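Visitor: just need the structure, nothing else, for what follows:
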Amino acid sequence: MARAISVDLRQRVCAAIAEGLSCHQAATRFNVSVSSAIRWQARLRDEGSSAPQQQGGDRKSARIEAHADFILSEYGARSDITLAELKAKLAARGADVGIGTLWRFFDRRRITLKKDGTRGRTTAP
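Guide: Now for the predicted structure:
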């Protein structure tokens, strides 16, 4: 993902627009796209700042974290439970999540499931 354009340039473009230039003229003067100048001016008008929003980050784990107590209690009651079984139990509660989502949930908590040929699945030390 590309980096955001500097706050300094955004402020200079918005200041030029505030001094009377049109968005097209300000964009031409500072060698930025017209659509960027329009967006920055709208952001300044609506939110009070033309600074860029945060890029990246986790935006989806909150869905599964809402069920963290249930998942951990199911895992605590039966540590050899499979991710597919947990997925089915969550689906019964109305939470449609994937196996990968459950795997990342346990990975964030450093809980790993290791196969043990004689006893099924146990947690790793």
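Visitor: where does pLDDT dip in this protein?
Guide: 1, 114-125 (pLDDT under 70).
Visitor: where exactly do the helices run in it?
Guide: 7-18, 23-30, 34-47, 61-65, 68-77, 83-92, 99-108 (DSSP state H).
Visitor: return the distance of the second one from the chain's centre.
Guide: The chain centroid and the centroid of helix 23-30 are separated by 33 Å, computed with CA atoms, centre = their mean, to the nearest Å.
Visitor: stretch 45-56 too?
Guide: Remark: stretch 45-56 is offset 17 Å from the chain centroid, using CA atoms, centre = their mean.
Visitor: so what touches it?
Guide: 1, 4-5, 7, 10-11, 13-14, 40-41, 43-44 (CB atoms under 8 Å, 6 or more residues apart in numbering). C-beta: built from backbone N, CA, C; applies to glycine.
Visitor: got the helices of the chain as a markdown table, with distance to residue 53 columns?
Guide: Output for the helices of the chain, formatted as a markdown table (distance: least, CB to CB, whole Å):
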| stretch | distance to residue 53 |
| --- | --- |
| helix 7-18 | 12 |
| helix 23-30 | 20 |
| helix 34-47 | 9 |
| helix 61-65 | 18 |
| helix 68-77 | 27 |
| helix 83-92 | 31 |
| helix 99-108 | 24 |
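Visitor: tabulate these (a markdown table), appending distance to residue 55 and mean neighbour count.
Guide: Output for the helices of the chain, formatted as a markdown table (distance: least, CB to CB, whole Å; neighbours: other CB atoms under 10 Å):
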| stretch | distance to residue 55 | mean neighbour count |
| --- | --- | --- |
| helix 7-18 | 14 | 16 |
| helix 23-30 | 22 | 16 |
| helix 34-47 | 15 | 16 |
| helix 61-65 | 17 | 13 |
| helix 68-77 | 26 | 13 |
| helix 83-92 | 30 | 14 |
| helix 99-108 | 20 | 15 |
